[in-house]
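1. This is the structure alone, sequence omitted:
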C-alpha cells in the first residue's frame, strides 16, 4: 500500500534501517507518479525546495550498490537503487529511439516528447506537453512546466546538495533556445523566451532595456525575451584592451498571444542586428 508524503518523510527520518529503506522505495514511487516533488510553488508565486525529498534521494546513493543494469542496446553500471524509470505505452510519453535515458525517481507527464539523445535525472519534474530536444539535460530535481520547449543542447543544471538549495525552475510556456545553460537555482518565469546561447546563474545580473532596470541575478520575469549580450568592464586596463563581460539582456516582452518562437525571431532581427548586444 502506498504511503502518504508525510508517512514517507517519517519513514526516511526514522532511525530504523528497515523503515528508511521502505521510505526510500515509497519516495521513488511517489516521485515517478508526480505525487511528491523536490520543489513546489507557493501561493504567492515563490518556489520552495523540499529538503527532505533531496535527503531521501541522497540516501539512495549512499545505500545503493554498484550493479549491472540491463538495457538496450547495452547494459550500464550504476547504483542498483537508480535503474531506468519504468515507462509503458499507457504513460503516453514519446521516447524516440536513439540513446536517451530517463532515470527512476522523476516525473515525466503525458505528451512529453523526448528527442534522442537526451537525459532526465532523478528528482526532476517535467510537465505535460514539454519537448526535451536532442542533447538536452534536465538535471536532478529541476522543475519544468507545461508546454516548455527545451531546444537542442540545453543544459538545465541539477542540484542535490545542499538539500535546501532551490533547483532550476522553468515555468509554463517558456521557450529555451539551443545551447542555453541554466544553473544555480535560476527561476524562468511563465512565458519567457531565451535566445540560443543564453547563460544564467545566480551571480549574473540581467539588464532590462525595455524597463531600464537591472534585475538581480537568478530570475527571468514573465514573458521576457532574453538574448546574450555584453557590458563594458570599468577600469583603465579594461578600457585600453576593450574588455567586456557577458551579460543577459532583455530586449522586449512577449505578448501573451504571440508564439514564442516567432517573437524571438522578430526580437533578434529588429532589436539586435548582430549576434550579441552591447550594454553601455
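-> Perfect, thanks for sending it. Keep in mind that this is a model prediction, so the values were computed, not measured. Numbers count the residues shown, from 1 in each chain.
2. Test my guess that residue 228 contacts residue 204.
-> No: contact criterion C-beta atoms under 8 Å: residue 228 and residue 204 do not qualify, at 10.9 Å. C-beta coordinates here come from the backbone N, C-alpha and C atoms, glycine included.
3. okay, the two: which has more neighbours?
-> Using other C-beta atoms under 10 Å as the criterion, residue 228 and residue 204 rank with residue 228 on top: 21 against 17.
4. And the more buried one, which helix or strand is it part of?
-> strand 224-232 (DSSP states H and E).
5. Quick check: buried residues in that strand?
-> 224, 225, 226, 227, 228, 229, 230, 231 (16 or more other C-beta atoms under 10 Å).
6. List just the nearest of the residues you listed to residue 62.
-> residue 226 (38.6 Å; C-beta to C-beta).
7. quick one: contacts for that closest one?
-> 192, 193, 194, 195, 198, 200, 206, 220, 248, 249, 250, 251 (C-beta atoms under 8 Å, 6 or more residues apart in numbering).
8. Could you tell me how many residues sit around residue 74?
-> Here the number of neighbours of residue 74 (other C-beta under 10 Å) works out to 6.
9. Output the below-cut-off pLDDT ranges for the protein.
-> Low-confidence segments of the chain (pLDDT under 70): 256-280.
10. what's the single longest helix in it?
-> In terms of residue count, the longest helix belonging to the chain (DSSP state H) is helix 17-33.
11. what helices or strands is that helix leaning on?
-> Helices and strands touching helix 17-33, by 3 or more C-beta pairs under 8 Å, 6 or more residues apart in numbering; DSSP states H and E, are helix 5-12, helix 51-63, strand 107-108.
12. Compute the first-to-last residue distance for stretch 183-191.
-> One end of stretch 183-191 sits 19 Å from the other (C-alpha to C-alpha, to the nearest Å).
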